[in-house]
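Colleague: coords below, sequence missing:
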C-alpha cells in the first residue's frame, strides 16, 4: 500500500477579519480540479513546482513564485513531477480587505488589479509570505498575526498592484473578456447561456457578469 505523502493544512482563523482562511501544504499526488473562490487567493511557493491554469492562462509555479488569483477566477493545480511535488502557502483575504489596504498603500480609484499575469517570480516576497504563514499557524498573538498579514499584503499591493484613476474603467480590455466577446461574435446565432460564455473566459458566472458589465 502506497504511503500518502500529501500534507494539507487549511484552517480558518476566526480572529482574522471575520474568519480568513490560511493554507500550508506539501502536495505530491493531490490535484485541484477546476474551482474558484469568492475571495482572493494569494499564494507563495517554497519547493518543487505546480502546474496551474488560471482562467485560460497556463503556467508553472516554481519555488520563489507568487501567485495572485482574483475572486471568481477558475483555476486548477497539480504537481509538475509527482516524485518532487510542491510546497506552498496561501491566504484567502476578502476583496474588501485587499481594497482597504490598497486605499492606504497606493490610493487611486477603481478596481484593484495585478496585471495580466497571475504568477510572478519574486523570491523575496515569497519568502516573506511563507514566514507570515508560519506566524499565523504558530503564534497565539492576534496582533502579531495581523501585522504579518498586513505587511505581506501591503508589499504585494505596492509592488504589483494598480488601480485605475477614472472610476474603475480599465484602459485595456482583459484577455479573458476579449475571448468571451470573440465567442459571442462567432456564435451569436446560437442560443447561449451565461454559464457557457463564462466558461470560455474561465470565470465563474458571477465574476464574469460583474467583470463584463464593468
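Modeller: Sure, I can see it. All of these numbers come straight from a predicted model, not from anything done at the bench.

Colleague: relative to residue 176, how far out is residue 54?
Modeller: 9 Å (Cβ to Cβ, to the nearest Å). In short, each C-beta sits where N, CA and C put it, glycine included.

Colleague: what touches both of these two?
Modeller: residue 202 (Cβ atoms under 8 Å, 6 or more residues apart in numbering).

Colleague: what's the longest helix in this structure?
Modeller: helix 142-160 (DSSP state H).

Colleague: so for that one, what gets flagged as buried?
Modeller: 145, 148-149, 152-157, 160 (16 or more other Cβ atoms under 10 Å).

Colleague: show me what the residue nearest the centre of the chain is bridged to.
Modeller: Among the residues of the chain, the one closest to the centroid is residue 69, at 2.2 Å (Cα atoms, centre = their mean). For residue 69, the beta-bridge assignment (DSSP bridges) gives partners residue 41.

Colleague: just the one 4 residues further on next, same as before
Modeller: The partner list for residue 73 in beta bridges (DSSP bridges) reads residue 203.

Colleague: which residues touch the longest helix of the chain?
Modeller: 13, 15-16, 20, 42, 66, 68, 91, 93, 97-98, 101-102, 104-106, 112, 114-115, 120, 122, 125, 128-129, 131-132, 135-136, 139.

Colleague: the strands in the protein, which residues?
Modeller: 7-13, 20-27, 32-35, 41-54, 57-62, 65-69, 75-79, 86-92, 112-113, 119-121, 162-163 (DSSP state E).

Colleague: just how off-centre is the fifth one within its chain?
Modeller: By that I understand strand 57-62. Centroid separation for strand 57-62 versus its chain: 13 Å, with Cα atoms, centre = their mean, to the nearest Å.

Colleague: can you check the second one too?
Modeller: Averaged C-alpha coordinates place strand 20-27 at 13 Å from its chain's average position (Cα atoms, centre = their mean).

Colleague: still on that earlier bit, just the buried ones from the contacts of helix 142-160?
Modeller: If we count by 16+ other Cβ under 10 Å, these have these buried: 13, 16, 20, 42, 66, 68, 91, 93, 97-98, 101-102, 105, 112, 114, 120, 122, 125, 128-129, 132, 135-136.

Colleague: quick one: find the helix or strand in the chain with the lowest mean pLDDT.
Modeller: Least confident helix or strand of the chain, by mean pLDDT, DSSP states H and E, is helix 205-213 with a mean of 69.
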